[in-house]
Structure formats: structure tokens, C-alpha cells
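**Q** structural data only, the sequence is not supplied:
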């Protein structure tokens, strides 16, 4: 009886690899369609935050539009129209930098 068991285990070894192959294929698809693009967006966003400077016009995740008046380690001071309020928000809340070139295209 032991010999039959050993033969069955040896024959099943090839089938085990074939059952793992679809999982590897699915992981590869998830990596290229979900993980890799997210990493690229994260790097682009981090580079945008590192390039912030006073005078830049930005949009925050909350929808505030303002001009950067001062930069700190992890926050920015925004001047927000119409009353020129100065608000302090975290750098992580900045989602977009609107340059003067982009404003000229929209007008």
C-alpha cells in the first residue's frame, strides 16, 4: 500500500505546479494593472510636494484654492480669496499645483 501512495505523490507533483500557475498569472496581472501605476502616481505626487514653493497656486483635497505664502516642514500657509485669509494646511492635503502656464491655457 505504501508503494501506491508514493506513486500517487510523485504523479501529483506535476499537477501541483499547474495549479499554482494561474495564481502567479493573476498576481502578475494585479501587479501591472494596480500596484505599478499606484507606485508611479505616488512618486509623481511626492515629487510635486517636494517642488512646492512660495507663490504657487494650489488646490487641496478639501477643494480649497489658494496661493502658498509660506512653507514649513509638514504644512503650508495658503492665502485664500476673496478676503485673503491665511490658512495653515498640511502638505499632504495638496493635490494639485496650478501654474500660470496652465491658467493661461484655460483662459
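**A** Structure's in. What do you need? Here the structure is a predicted model, which means the values were calculated and not measured. Numbering: from 1, shown residues only.
**Q** helix, strand or coil for the residue nearest the centre of the chain?
**A** Among the residues of the chain, the smallest C-alpha distance to the mean C-alpha position (C-alpha atoms, centre = their mean) belongs to residue 42, namely 3.2 Å. Applying DSSP: H, G, I helix; E, B strand; the rest coil to residue 42 yields a three-state assignment of helix.
**Q** what about it, distance to residue 57?
**A** Computed with C-beta to C-beta, to the nearest Å, the distance linking residue 42 and residue 57 is 23 Å. The way it works is simple: take the backbone N, C-alpha and C, and place the C-beta from them, glycine included.
**Q** before we move on, what about residue 45?
**A** If you measure residue 45 against residue 57 using C-beta to C-beta, the figure is 17 Å.
**Q** which of these two has more neighbours?
**A** Counting neighbours by other C-beta atoms under 10 Å for residue 45 and for residue 57 shows that residue 57 has the greater number, 17 against 14.
**Q** can you pull up the bridge partners for that one?
**A** With DSSP bridges applied, residue 57 shows beta-bridge pairing to residue 67, residue 98.
**Q** surely it meets residue 96?
**A** No. With contact defined as C-beta atoms under 8 Å, residue 57 does not count as touching residue 96 (9.3 Å).
**Q** need the pLDDT of the residue nearest to the centre of the chain.
**A** Model confidence at residue 42, expressed as pLDDT, equals 96.
**Q** got it, and residue 15?
**A** Listed pLDDT for residue 15 reads 68.
**Q** try the one 10 residues further on
**A** Confidence at residue 25, expressed as pLDDT, is 94.
**Q** cool, and residue 11?
**A** pLDDT for residue 11: 50.
**Q** try residue 106
**A** At residue 106, the predicted lDDT confidence score is 61.
**Q** what do you get for residue 33?
**A** Model confidence at residue 33 (pLDDT) stands at 95.
**Q** doesn't it fall inside a strand?
**A** No. Per three-state DSSP, residue 33 lies outside any strand segment and is helix.
**Q** now it: how far from residue 46?
**A** Taken as C-beta to C-beta, the spacing of residue 33 relative to residue 46 amounts to 22 Å.
**Q** distance from stretch 49-65 to the middle of the chain?
**A** For stretch 49-65, the separation from the chain centroid amounts to 17 Å (computed by C-alpha atoms, centre = their mean, to the nearest Å).
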